[in-house]
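Colleague: when you get a sec, could you give me coordinates for this:
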Amino acid sequence: MRIIFYTLVLCLVFSCNRKEQADLLVYNATIYTLDSTFSKADAMVVENGKIVATGHKDVLQNRYNTIQQLDAAGKFIYPGFIDAHAHFVGYAKGLTELNLTETKSWEEIVKKLDTHKSSIADTTSWIIGRGWDQNDWPDKAFPNNEKLNTLFPNQPVYLVRIDGHAAIANNKALELAFIKPEDKITGGEYVTNKGKLTGLLIDNALNKVVDIIPDLKEDILKAALVKAQQNCFAQGLTSIHDCGLDFKEVERIEQFQKLGDLRMRLYILLSDAPKNYQYLTKRGTIKTDYLSVRGFKLYADGALGSRGACLLHDYTDKPGWKGFLLSTANHFDSMAAVIARNKWQMCTHAIGDSGIRTMLKIYAKHLMQKNDLRWRIEHAQVVDKDDFHFFEAYSIIPSVQPTHATSDMYWADDRLGQERIQVAYAYQQLLQQNNWLPLGTDFPVEDISPFKTFYAAVVRKDAKGDPADGFQKENALTREQVLRGMTIWAAKAAFEEKEKGSLERGKFADFIILDKDLMNVAEKDLLNIKVLKTYLGGEPVFIRKQ
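Modeller: Below is the predicted model of the structure:
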């Protein structure tokens, strides 16, 4: 008997020694792996920041010895959300500025500025604000700067519209930027009335003022980025495509990441500027676990809300006006040639049907056939019915933000008319072109919440539940399509689908634990889902307080 006993002990010891070592076992969960079959598991194992296995708890426990175990208490686990189009640095900077979102009138903004004035010690420093939207006001006309000039005769004030394509500057700011009533600019407008500047700047007209606003001090910027990062983690975001930064901002981000202050995984598109092309040519593409830079963000036109989107036919609510391109077609064509030659990614903001058609034809010229360069049209809001075929024929990827549809729906048909609105925000139709579609928020233009993205895409309603029957429901996406758009398809849009976007062996252990199941919860409860925990590389970066 003693021999049998020792034999069993030796077998158990040998069996344990044969187990693979790992850092973490997560179990008692419904895990959506987002693999090609949309499979589910109830447990997964993490080692050195990456997934090594998914499956059933008993099987994994027999195979692995883990240092830690996490009981998910029957909750729901998904890959960390990836925002395929946002402005992370812009959002961070906005946290240091005056928040004008959800203001209901120009008078409310002026009152807010007047209150803010007393808290500013330095009466010569810039007052920066962002978030106003005249479409939310009873009087939907653009404001002028007369009241700002009275309140702040010697202090520069610059207030950006929510979409970033228009702004109001007071006379002091215009003076510092050397803007005069007779000035003209391609792709923008210094708005005047009776020969005087009103302070309203449209699209490229913003640049002169932006160029003279002092940069944030390094410590202030770092603190803002860290706060922005934590806000993102709290929403379940673990990766973000930041669309349009200068190389100096990239280098500051890289510095903060190396110091360990910034852990958000960022896919950065450089802005369309000679200095940025020269930088990437000299340095080459950048790729680390936290930072990837291999493409450029261009702007074909402006926004529909400020009537800067370039349309094939007149705006319905402004006869004689079609909007405009922000640069010449020749510029876009020459940049496409440079980008194609270097095998970089080209991503172009294009909202109006004319702007989109211009870019689709330029893309087609340089891509020539199906390909895997993954050039993107950002927003793709109003696509002419005769132009959808370009996306499939040349493997062009529409990158869309579903909450734009539910934000714009209150006034978009006034801009476009009944015929054009039918092919606007056509996400299901766009998805069918290539059978995958990256989704984003465009924050801070829209809310940071990926749950609002999910809700708007599936239900086609805004956060208030309007309209009752949904907005153009024929272009709603299924829950699985939206979840893929916020994870694996967003990763694919950045050439990162082999390292993130699903919970599969060899990929980053970036995952979130939710209190409810996105795939099965009632529509009315989608916006009430809470992120309980967010993990990055197998380590917790957000835990909701009880």
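Colleague: now the phi/psi pair for the residue positioned nearest the centre of the chain, please.
Modeller: Central residue of the chain (Cα atoms, centre = their mean): residue 86, 2.2 Å from the mean position. With angles defined as degrees, to the nearest 10, residue 86 sits at phi -150, psi -180.
Colleague: need the contact list for it.
Modeller: Shown in contact with residue 86 (Cβ atoms under 8 Å, 6 or more residues apart in numbering): 240, 241, 242, 243, 440, 441, 442, 443, 448. No exception for glycine: its C-beta is placed from N, CA and C like everyone else's.
Colleague: how close does it sit to residue 545?
Modeller: Note on residue 86: its distance to residue 545, by Cβ to Cβ, to the nearest Å, is 25 Å.
Colleague: what does residue 35 give?
Modeller: Applying Cβ to Cβ to residue 35 and residue 545 gives a distance of 33 Å.
Colleague: looking at these two, which is more packed in?
Modeller: residue 35 (15 against 3; other Cβ atoms under 10 Å).
Colleague: can I assume that one is in contact with residue 505?
Modeller: No - counting by Cβ atoms under 8 Å, residue 35 does not reach residue 505; the two are 9.8 Å apart.
Colleague: need the overlap of contacts for those two.
Modeller: Common neighbours of residue 35 and residue 505 (Cβ under 8 Å, 6+ apart) do not exist.
Colleague: leaving out the residues flanking it, which one is nearest to residue 326?
Modeller: If the residues on either side of it in the chain are set aside, residue 326 comes closest to residue 187, at 3.5 Å by Cβ to Cβ, 6 or more residues apart in numbering.
Colleague: surely residue 172 is within a strand?
Modeller: No - judged by DSSP: H, G, I helix; E, B strand; the rest coil, residue 172 forms no part of a strand; its state is helix.
Colleague: quick one: neighbours of it, just the number.
Modeller: So residue 172, with other Cβ under 10 Å, has 21 neighbours.
Colleague: could you give the number of residues near the closest residue to it other than its chain neighbours?
Modeller: Nearest non-adjacent residue to residue 172, counting by Cβ to Cβ, 6+ apart: residue 156, 4.6 Å away. Residue 156: 23 surrounding residues under other Cβ under 10 Å.
Colleague: residue contacts, the residue nearest to residue 326?
Modeller: Shown in contact with residue 187 (Cβ under 8 Å, 6+ apart): 203, 204, 302, 324, 325, 326, 327.
Colleague: mind listing what's buried in stretch 339-346?
Modeller: For stretch 339-346, a neighbour-count test (16 or more other Cβ atoms under 10 Å) marks 339, 340, 344, 345, 346 as buried.
Colleague: make that stretch 149-162, sorry
Modeller: For stretch 149-162, by 16+ other Cβ under 10 Å, it's 152, 155, 156, 157, 158, 159, 160, 161, 162.
Colleague: skip the chain neighbours and tell me the closest residue to the first one.
Modeller: The spatial neighbour of residue 152 that comes closest, neighbours along the chain excluded (Cβ to Cβ, 6+ apart), is residue 170 at 5.6 Å.
Colleague: hang on, isn't the residue nearest to residue 172 packed against residue 173?
Modeller: Yes - the criterion here is Cβ under 8 Å, and residue 156 meets it with residue 173 at 3.9 Å.
Colleague: any residues in contact with both of these two?
Modeller: When Cβ under 8 Å, 6+ apart defines a contact, the residues bordering residue 156 and residue 173 alike are residue 126.
Colleague: contacting residues for residue 293?
Modeller: By Cβ under 8 Å, 6+ apart, the neighbours of residue 293 are 250, 267, 268, 269, 270, 280, 285, 286, 287.
Colleague: taking the contacts of residue 86 one by one, which sit in strands?
Modeller: If you go by DSSP state E, the contacts of residue 86 have 240, 241, 242, 243 in strands.
Colleague: could I get these in a markdown table, plus columns for neighbour count, distance to residue 57 and pLDDT?
Modeller: Conversion of the ones in strands among the contacts of residue 86 to a markdown table gives the following (neighbours: other Cβ atoms under 10 Å; distance: Cβ to Cβ, whole Å; pLDDT from 0 to 100):
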| residue | neighbour count | distance to residue 57 | pLDDT |
| --- | --- | --- | --- |
| 240 | 30 | 32 | 98 |
| 241 | 29 | 35 | 98 |
| 242 | 24 | 38 | 98 |
| 243 | 27 | 41 | 97 |
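Colleague: ok, residues contacting whichever strand or helix holds residue 147?
Modeller: Using DSSP states H and E, the element containing residue 147 is helix 146-151. Contact partners of helix 146-151, identified using Cβ under 8 Å, 6+ apart, comprise 106, 110, 113, 114, 117, 157, 159, 168, 170, 171, 172, 199.
Colleague: for the stretch 301-450 of the chain, which segments count as strands?
Modeller: 345-350, 376-379, 397-399 (DSSP state E, counting those that start in this stretch).
Colleague: before we move on, the earlier item: just give me the closest of the ones in strands among the contacts of residue 86 to residue 93.
Modeller: Nearest to residue 93 among the ones in strands among the contacts of residue 86, counting by Cβ to Cβ, is residue 242 at 11.9 Å.
Colleague: of the buried residues of stretch 149-162, which belong to strands?
Modeller: Applying DSSP E to these, the entries found in strands are 157, 158, 159, 160, 161.
Colleague: how about TSV for those residues, with distance to residue 356 added?
Modeller: TSV is the format used below for those (distance: Cβ to Cβ, whole Å):
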residue	distance to residue 356
157	35
158	30
159	29
160	24
161	22
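Colleague: in CSV, list those along with pLDDT.
Modeller: Listed next are these as CSV, based on pLDDT from 0 to 100:
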residue, pLDDT
157, 93
158, 93
159, 94
160, 91
161, 91
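Colleague: now residue 295. Nearest residue, chain neighbours left out?
Modeller: residue 345 (3.1 Å).
Colleague: the one you found is in contact with residue 378, isn't it?
Modeller: No - applying Cβ under 8 Å, one finds residue 345 not in contact with residue 378, separated by 11.5 Å.
Colleague: what's the distance between residue 365 and residue 58?
Modeller: Using Cβ to Cβ, we find residue 365 at a distance of 57 Å from residue 58.
Colleague: beta-bridge partners for the closest residue to residue 514 other than its chain neighbours, please?
Modeller: Residue nearest to residue 514 in three dimensions, not counting chain neighbours: residue 76, with 4.7 Å by Cβ to Cβ, 6+ apart. Applying DSSP bridges to residue 76 gives these bridge partners: residue 30, residue 514.
Colleague: surely residue 76 touches residue 513?
Modeller: Yes - with contact defined as Cβ under 8 Å, residue 76 reaches residue 513; the gap is 7.1 Å.
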